[in-house]
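**Student:** what shape does this take:
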Amino acid sequence: MRRTRVILAAAHLDHDPSNNRLRNLKSLCQRCHMIHDHPHHLAQRRITYLLRRAVGDLFLGPYARGLRYTDVTNPVGASRQTTIRLPR
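**Tutor:** Just a heads-up that it's a prediction; the model follows:
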C-alpha cells in the first residue's frame, strides 16, 4: 500500500486574489490548482511579453522580427545608430 500526501491550496475561481468570498474560493490539490489557473497564466504571460515589447519599442526602437532582444540592442559590429529593418 502506498501513501501520498496531498497538499490543498485555495483557488480563486475568478482569478482575483482580492475577492475572498466563500463562493469564489475552492479547495484544490496543487496539480488541479495549476490546471485551473493555466489559461489565466498564459494570458498574463502574453500581457507581460507585450508590455516588455512596448517598453523596448519606446526606448530602443521597434523590435526586428526573428531576432533576439540582445541582437537588437547590441548587434555585432554595429554602431548604436544602426537600425535593423526587415520586410513586413
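
**Student:** in this protein, which spans are helices?
**Tutor:** With DSSP state H as the criterion, the chain has helices at 30-60, 69-73.

**Student:** now do the shortest one, average pLDDT.
**Tutor:** Per-residue pLDDT over helix 69-73 has a mean of 48.

**Student:** could you do stretch 14-27 as well?
**Tutor:** 94.

**Student:** circling back to that earlier point, output the helices of the chain in JSON lines, with mean neighbour count and distance to H12 appended to each entry.
**Tutor:** For the C-beta atoms, the positions are set from N, CA and C on the backbone; glycine is no exception. Shown next, in JSON lines, are the helices of the chain (neighbours: other C-beta atoms under 10 Å; distance: least, C-beta to C-beta, whole Å):
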{"stretch": "helix 30-60", "mean neighbour count": "12", "distance to H12": "9"}
{"stretch": "helix 69-73", "mean neighbour count": "13", "distance to H12": "33"}
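
**Student:** which of these comes out lowest on mean pLDDT?
**Tutor:** The stretch with the lowest mean pLDDT among those is helix 69-73, at a mean of 48.

**Student:** okay, the helices of the chain in TSV with distance to P17 next?
**Tutor:** Output for those, formatted as TSV (distance: least, C-beta to C-beta, whole Å):
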stretch	distance to P17
helix 30-60	11
helix 69-73	30
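
**Student:** right, and those - which one's nearest L22?
**Tutor:** Judged by C-beta to C-beta, the one of the helices of the chain that comes nearest to L22 is helix 30-60, at 17.0 Å.

**Student:** which strands or helices does that closest one pack on?
**Tutor:** Taking 3 or more C-beta pairs under 8 Å, 6 or more residues apart in numbering; DSSP states H and E as contact, the helices and strands that helix 30-60 lies on are strand 8-12, helix 69-73.
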